[in-house]
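1. One predicted model, sequence on top.
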Amino acid sequence: MANDLFNSFMTGPDEQGRFGDFGGRFVSETLMPLILSLEEEYEKAKTDDSFWAEMNDLWTHYVGRPSPLYFAERLTDHLGGAKVYMKRDELNHTGAHKINNVLGQIILARRMGKTRIIAETGAGQHGVATATVCAKFGLKCVVYMGAHDVERQAPNVFRMRLLGAEVVPVTSGRGTLKDAMNDALRDWVTNVRDTFYCIGTVAGPHPYPAMVRDFQAIIGKEVREQMDAAEGRLPDTLIAAIGGGSNAMGLFFPFLDDKEVNIIGVEAGGKGVNAKMEHCASLTGGRPGVLHGNRTYLLQDDDGQILEGFSISAGLDYPGIGPEHAWLHEIGRAKYVSITDVEALEAFQLCCTLEGIIPALEPSHALAHVMKLAPTLPKDHIICMNMCGRGDKDIFTVAKALGFEMGNFG
Ligand SMILES: *Cc1c(COP(=O)(O)O)cnc(C)c1O
């Protein structure tokens, strides 16, 4: 089935950057030349062995790839059904999958002769990964972060500053991730000559969604090899949490043409996918519109105003979703579900005590869906979930949600 060119799910996007009705390049005239030169450079790099040799060297020695594929034996026994494997991307340098992509974009920036890197960040994970790689290469780094998030995510703000980055609090709009991304785009058009915009997920105008996916696809490529070594076959079901959708696209993409593999994305259901929009489930609770240069499913009100959404997990509260997911949803190749805060918190605790792994709240959403699904499946069914981040950053949030007093650490 794989590589059947006439029936492949892996050939997108088209030349305009579209995945079906989604994606594209909705940008101002001033941004267009920047996007086009980035696309040209990326197209060159994609088939350049020296580019991938540099990536592989840094993935191995700086990030710590390949990340292990781990059979979660006690969790599997506890759930009493399908065999559960975890792809351990939380063991990467900086504690999540974000660095896979940042490395690719910054190597590209260096090839383009850019000396100043800008990024947007919500919870701060992408900002920390970007500040880290900029320090490693001696590049100037400016991170746009909503003023509201700067307050909520103080430890990551300090990390970025330790790493030598400038953090710019964004007060426009509601001072969250969406506004930070708008300000980063504005910075880019005013600093055309020396600046490279490093986007943190499979969003933004073409070629970002495809480029970020290609960098994150190392996750799924490794899973194919590692699962073959462990079980001698492909997994039956893949499950990953979705904010913008980059860790999920990275796991899913190399399996899209293996039609027998079930693919499930898990959105943040917050307090429940309800009319009050106290969730971040863009696909299960939103509708199509244009944001940040591409057409996709968005959380919006009746007038098309973008809504902020709500989730216990700051890394999942992006009001949109990568356009390739919107397309996979519409054609039915992947299925999308949502998990509430309460369910994610339960999964978080179970993972700590059964596996000795403190997961980030984002993959706790994926794990919560594994907990629903595994008991309904036979013992020879193999599930692989992406453990895309570690939970150190979330312990204060979890303590608060569970009613623990953290004393002076709060
Ligand atoms: C940023 C982040 C996410 C959400 O981003 P995606 O692009 O959807 O992967 C999920 N998990 C972790 C650990 C993150 O840091």
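-> Yes, it's here.
2. and the chain, which residues reach the ligand?
-> Proximity of the chain to the ligand (C-beta under 6 Å from any ligand atom) is limited to residues 96, 98, 125, 201, 241-248, 315-316, 360, 362, 388-389. Where you see a C-beta, it was placed from the backbone N, CA and C, and this is true even at glycine.
3. run the last query once more with 5 Å
-> Within the chain, the positions near the ligand by C-beta under 5 Å from any ligand atom are 96, 125, 201, 242-247, 315, 360, 362, 388-389.
4. who's in contact with stretch 145-159?
-> Outside stretch 145-159, the residues that touch it by C-beta atoms under 8 Å, 6 or more residues apart in numbering are 120-125, 127-128, 131, 167-171, 173-180, 314, 393.
5. Quick check on those residues: which are buried?
-> The neighbour-count criterion (16 or more other C-beta atoms under 10 Å) marks 120-125, 127-128, 131, 167-170, 173, 175-180, 314, 393 among the contacts of stretch 145-159 as buried.
6. Quick one: mark the members of those residues that sit in strands.
-> Among the buried ones among the contacts of stretch 145-159, the ones falling in strands (DSSP state E) are 120-121, 167-170.
7. ok, the closest residue to Gly245 other than its chain neighbours - contacts?
-> Leaving aside its sequence neighbours, Gly245 sits nearest to Gly322 (C-beta to C-beta, 6 or more residues apart in numbering; 3.8 Å). Residues counted as contacts of Gly322 (C-beta under 8 Å, 6+ apart) are 201-203, 209, 213, 244-246, 249, 296.
8. Including secondary structure, pLDDT and distance to Arg116, could these go into a markdown table?
-> Formatted as a markdown table, the contacts of Gly322 follow (DSSP: H, G, I helix; E, B strand; the rest coil; pLDDT from 0 to 100; distance: C-beta to C-beta, whole Å):
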| residue | secondary structure | pLDDT | distance to Arg116 |
| --- | --- | --- | --- |
| Thr201 | coil | 98 | 21 |
| Val202 | coil | 98 | 24 |
| Ala203 | coil | 97 | 22 |
| Pro209 | helix | 98 | 23 |
| Arg213 | helix | 98 | 25 |
| Gly244 | coil | 96 | 23 |
| Gly245 | coil | 98 | 27 |
| Ser246 | helix | 98 | 23 |
| Met249 | helix | 98 | 27 |
| Thr296 | strand | 98 | 29 |
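9. For the helix or strand where Asp77 lies, buried residues please.
-> Using DSSP states H and E, Asp77 sits within helix 73-79. Neighbour-count burial for helix 73-79, counted by 16+ other C-beta under 10 Å, picks out 75-76, 78-79.
10. all helices in the stretch 151-300 of the chain, in order from the N-terminus.
-> For the stretch 151-300 of the chain, the helices defined by DSSP state H, counting those that start in this stretch occupy 154-162, 177-190, 208-216, 218-231, 246-252, 282-285.
11. Need the mean per-residue confidence for the helix holding Asp77.
-> When pLDDT is averaged over helix 73-79, the result is 98.
12. Show me what that helix is in contact with.
-> Outside helix 73-79, the residues within contact range by C-beta under 8 Å, 6+ apart are 82-84, 350-351, 354-355, 370-371, 374-375.
13. Generate a ChimeraX selection restricted to the buried entries among those.
-> In ChimeraX, this line selects whichever of the contacts of helix 73-79 come out buried by 16+ other C-beta under 10 Å:
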select :82,83,84,350,351,354,355,370,371,374
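14. Out of the contacts of helix 73-79, which is nearest to Ser28?
-> Val370 (42.6 Å; C-beta to C-beta).
15. Can you tell me what sits against the helix or strand containing that closest one?
-> Following DSSP H and E, one finds Val370 within helix 361-373. By C-beta under 8 Å, 6+ apart, the residues outside helix 361-373 that reach it are 79, 82, 84, 90, 237, 239-241, 243, 247, 264, 266-268, 312-313, 315-316, 337, 339, 343-348, 350-351, 359, 383, 385-389, 391, 394, 397-398.
16. Can you say which of those are buried?
-> Buried members of these, scored by 16+ other C-beta under 10 Å, are 79, 82, 84, 90, 237, 239-241, 243, 247, 264, 266-268, 312-313, 315-316, 337, 339, 343-348, 350-351, 359, 383, 385-389, 391, 394, 397-398.
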